[in-house]
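Chemist: structure for this input, please:
(one chain, ligands or ions: 2)
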Amino acid sequence: MFTQFFGLKYNPFCKEFNIDETYESADIKEFKSRFKYIQSSRGIFLLIGEPGSGKTTALRNITSTLNPGLFKVCYCTLSTVTVLDFYRGILMALGEIPSSKKVTMFHQIQQAICSLYYDQKITPVIMLDEIQMLSTAILEDLRLLFNFKLDSENPFILILSGQPLIRNKLGLSVNSPLKQRIAIKHVMQGLKKEETEDYLAKRLRAAGSLNTVFTSSAAEAIYSQSKGIPRLVNNLATSSLMYACSVRREQVDEEIVYQGQKDFDI
Ligand SMILES: Nc1ncnc2c1ncn2[C@@H]1O[C@H](COP(=O)(O)OP(=O)(O)O)[C@@H](O)[C@H]1O
Ligand SMILES: [Mg+2]
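Modeler: Numbering: from 1, shown residues only. Ligands and ions are numbered 1, 2, ... in the order given. Presented below is the predicted three-dimensional model:
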């Protein structure tokens, strides 16, 4: 196993990682600064990014920084769901027991949000991940669901997170009322070229490596193959480490990245 060969406690580039070890990329910093804005104004935040660009990580990271006495985070990841499933998902995330009727569930959601915000002084932060999966019917419904006091107040923060495809859906005229209500957005850009080397080094260090494993040229090769998309960076880093271990090389250079991708990448 390559972890043993490199003196690592675990694979630094595996999917499960400690959220406290989030790499503070320019992307994450910008996301956090825009989130500060929505934290004070409330309303709808749109987060867009290619698969693997770090959207879910950014949401988890924000969650870990919010005071639970002031914010209640409700995270829902969406697949192709019906309106009923969608309502049920939100209610469960809010800690409510969903009724079986659509109309009742609609009111249940609104009441739960109002009770949190007005009675308990806790702002609900509802995160809907993978919203590119949502049908036009649900997107239309979303606007009605998050309409309070004749649209004059925002007792919530709603984060809509999804792949760039969502832009097309929001561009449809039927969805323009929802689009107009988005207060701020952030588009994930991935790691910058100069950040990639630092990211690789930090994740290796967190897993217990004491040496510089990736050379600058290796980091550059990984960046150019991945365009800085963290999940692709992770896959390439893992395949490079596997290949380096198979040929007993302690350092990963550009050639090893290339060979690793050929031999081990899926
Ligand atoms: N800022 C970051 N710091 C550390 N790892 C990250 C960061 N952003 C993304 N990753 C890594 O990339 C993987 C994919 O990110 P993820 O947030 O799941 O992307 P998305 O939700 O956009 O598909 C994560 O599992 C994590 O390992
Ligand atoms: Mg995700």
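
Chemist: residue ranges in the chain under the pLDDT threshold?
Modeler: Counting by pLDDT under 70, the chain shows low-confidence ranges at 80, 265-266.

Chemist: try 90
Modeler: Filtered on pLDDT under 90, the chain yields the residue ranges 1, 14-21, 77-83, 85, 133-138, 140-141, 149-152, 210-211, 262-266.

Chemist: which positions in the stretch 101-250 of the chain make contact with ligand 1?
Modeler: Within reach of ligand 1 by C-beta under 6 Å from any ligand atom, the stretch 101-250 of the chain has these residues: Pro230, Arg231, Asn234. C-beta coordinates here come from the backbone N, C-alpha and C atoms, glycine included.

Chemist: so can I have JSON lines of these showing neighbour count?
Modeler: Shown next, in JSON lines, are those (neighbours: other C-beta atoms under 10 Å):
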{"residue": "Pro230", "neighbour count": "22"}
{"residue": "Arg231", "neighbour count": "17"}
{"residue": "Asn234", "neighbour count": "22"}
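
Chemist: now render the residues you listed as TSV, adding secondary structure.
Modeler: Shown next, in TSV, are these (DSSP: H, G, I helix; E, B strand; the rest coil):
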residue	secondary structure
Pro230	helix
Arg231	helix
Asn234	helix
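
Chemist: in the stretch 151-266 of the chain, what residue is nearest ligand 1?
Modeler: Ligand 1 sits closest to Pro230 of the stretch 151-266 of the chain, with a gap of 3.3 Å, by C-beta to the nearest ligand atom.

Chemist: nearest residue to that residue in space, please, no chain neighbours.
Modeler: Closest residue to Pro230 apart from its sequence neighbours, by C-beta to C-beta, 6 or more residues apart in numbering: Gly54 at 5.1 Å.

Chemist: with Ile62 instead?
Modeler: Using C-beta to C-beta, 6+ apart, the closest residue to Ile62 is Phe35 (5.7 Å).

Chemist: go on, Ala137?
Modeler: Val83 is the one closest to Ala137 (C-beta to C-beta, 6+ apart), at 6.2 Å.

Chemist: next up, phi/psi of the residue in the stretch 51-200 of the chain that ligand 2 sits nearest to, please.
Modeler: At 3.3 Å from ligand 2, Thr56 is the closest residue in the stretch 51-200 of the chain, using C-beta to the ion. With angles defined as degrees, to the nearest 10, Thr56 sits at phi -60, psi -40.

Chemist: quick one: contacts for it?
Modeler: The contact partners of Thr56, by C-beta atoms under 8 Å, 6 or more residues apart in numbering, come to Thr77, Asp129, Ser161.

Chemist: shouldn't the first one be in contact with Met133?
Modeler: Read that as Thr77. No: counting by C-beta atoms under 8 Å, Met133 is not a contact partner of Thr77; they are 9.2 Å apart.

Chemist: now do the strands in the protein.
Modeler: With strands called from DSSP state E, the chain shows them at 43-48, 71-77, 123-129, 157-162, 182-187.
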